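Enquirer: Sequence and predicted structure, then a few things I'm wondering about:
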Amino acid sequence: MAAKVLDSWALMAFYHGEPAAEAVEEILFLGSQGQHHLYLSVINWAEIYTAYARGDSVAAAEAKVRELATLSIQIVGVGEDLKLARQAAIYKARGGISYGDAYAAALAKERKAGLVTGDPEFKRLEKEIKIHWLI
């Protein structure tokens, strides 16, 4: 069974009905059917929450994360084991990548998963992690 990490870029494209939405929907469907293990960093979860809270309201953000909770995605926290945080910090220290993206990449590396995104910031990490490009 394939493991995939969803970046907030992928989920926002899905929620906004952007061109990549159909591909994300297929990945979510396969996850719901048990064909993929799907993961999302809690940092990326917070990015989605923030986007809706800023763009609309806290109530809209709460509604969106309730909807997100119904999907077959495991939310992965930083936890007390600093391995994930250390890898994210390494990616961040290299420059040119946000903390949210650094956590998504670190989670993909840790879980040996493909990273689902269309965010060009990840191009610099193509040699280290498998990226499932949506665009």
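Expert: Cool, got the structure.

Enquirer: What helices and strands are in contact with the helix or strand Tyr103 falls within?
Expert: For Tyr103, the host element (DSSP states H and E) is helix 99-111. Helix 99-111 is packed against strand 2-6, strand 36-41, helix 42-55, helix 83-93, strand 114-117, with contacts defined by 3 or more C-beta pairs under 8 Å, 6 or more residues apart in numbering; DSSP states H and E. C-betas here are computed from N, CA, C, even on glycine.

Enquirer: residues making contact with that helix?
Expert: Residues outside helix 99-111 that contact it (C-beta atoms under 8 Å, 6 or more residues apart in numbering): 3, 5-8, 37, 39, 41, 43-44, 46-47, 76, 78, 83-85, 87-92, 97, 113-115, 117, 119, 121-122, 125, 128-130.

Enquirer: same thing but 7 Å
Expert: 3, 5, 7-8, 39, 41, 43-44, 47, 76, 83-84, 87-88, 91-92, 114-115, 119, 121-122, 125, 128-129 (C-beta atoms under 7 Å, 6 or more residues apart in numbering).

Enquirer: so where's the chain uncertain?
Expert: Within the chain, no stretch falls below the threshold (pLDDT under 70).

Enquirer: sorry, back to before: quick one, which of the contacts of helix 99-111 are buried?
Expert: Restricting those to buried positions leaves 3, 5, 7-8, 39, 41, 43-44, 47, 76, 84, 87-88, 91-92, 114-115, 119, 121-122, 125, 129, with burial counted as 16 or more other C-beta atoms under 10 Å.

Enquirer: What residues does Trp45 make contact with?
Expert: Contact partners of Trp45, counting by C-beta under 7 Å, 6+ apart, are 65, 75.

Enquirer: Any idea how many residues pack against the nearest residue to Leu115 once chain neighbours are set aside?
Expert: By the measure of C-beta to C-beta, 6 or more residues apart in numbering, the closest residue to Leu115 outside its immediate chain neighbours is Ala108, 4.1 Å from it. Ala108 has 29 neighbouring residues, counting by other C-beta atoms under 10 Å.
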